[in-house]
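*Asks:* attaching a predicted model along with its sequence, questions to come.
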Amino acid sequence: MAAINADPEVMRWISDGSVRDEQQTRGGIQAWESEWESQGFGLFAVEIRSTGELAGFTGHSVPHFLPEVLPAVEVGWRLGRSHWGQGLATEAAAAAVRFGFEERGLERMVSIAQVGNDASERIMTKLGMHPVRETVNPTCGRRVRVFELSSDQYVTTTR
């Protein structure tokens, strides 16, 4: 994960675009593990079945950085560049959406992308999400779009 987080192209659309070193990555992983304990959900490692290689992560977190959308659970993903364009992010995020609604009983999920991150917005659309607002991430001053999917919409689209 540290190698993924150290890639400027991967991190381009994350917060202010800064890369993260190994120590920052470890701290992030510890925070993600704590979220599993406190919230009953969190991030999943995405691995390539045939090799066991770590491709990145997908899953759920509370988007504390954007208080105006709270209460909310965000579905997100981050993959290493060598895994882009293969449908892995969509497949993994769809599994996370399914888990959130079917296993954790979430009523609503959001996904947040910086304006201009068209690849992430395409994934959100494939997940059945729709844009509900554009605002500014107060932690870095960048414009973001918030997409949303309710459990009712999820049930309708999966029938």
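*Replies:* That came in fine, so what should we check first?
*Asks:* longest helix anywhere in this protein?
*Replies:* In the chain, with assignment by DSSP state H, the single longest helix is helix 22-39.
*Asks:* after that one comes which helix or strand?
*Replies:* On the C-terminal side of helix 22-39, the nearest following helix or strand under DSSP states H and E is strand 43-47.
*Asks:* give the buried residues for that next one.
*Replies:* Buried residues in strand 43-47, counted by 16 or more other C-beta atoms under 10 Å: 43, 44, 46. Where C-beta positions appear, they are placed from N, C-alpha and C, glycine not excepted.
*Asks:* isn't the last one right next to residue 58, touching?
*Replies:* Yes - using C-beta atoms under 8 Å as the test, residue 46 is close enough to residue 58 to be in contact (5.6 Å).
*Asks:* now for the two: what residues contact both?
*Replies:* 77, 92 (C-beta atoms under 8 Å, 6 or more residues apart in numbering).
*Asks:* follow-up on the earlier one: columns pLDDT on top of the buried residues of strand 43-47, output as JSON lines?
*Replies:* Formatted as JSON lines, the buried residues of strand 43-47 follow (pLDDT from 0 to 100):
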{"residue": "43", "pLDDT": "97"}
{"residue": "44", "pLDDT": "97"}
{"residue": "46", "pLDDT": "98"}
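*Asks:* burial of the nearest residue to residue 15 once chain neighbours are set aside, as a residue count?
*Replies:* Using C-beta to C-beta, 6 or more residues apart in numbering and skipping residues adjacent in sequence, the residue nearest residue 15 is residue 140, 5.0 Å away. Residue 140 has 14 neighbouring residues, counting by other C-beta atoms under 10 Å.
*Asks:* again, but for residue 24
*Replies:* Other residues lying near residue 24 total 14 when counted by other C-beta under 10 Å.
*Asks:* what sits against residue 78?
*Replies:* Residue 78 touches 4, 5, 10, 14, 56, 57, counting by C-beta under 8 Å, 6+ apart.
*Asks:* got the angle for whichever helix or strand it is part of vs strand 43-47?
*Replies:* Assigned by DSSP H and E, residue 78 belongs to strand 74-79. Counting by axes from the mean of the first three to the mean of the last three C-alpha atoms, to 10 degrees, strand 74-79 lies at 30 degrees to strand 43-47.
*Asks:* moving C-terminal from strand 74-79, which element do we reach first?
*Replies:* helix 88-98.
*Asks:* after that following helix, which helix or strand is next?
*Replies:* strand 108-114.
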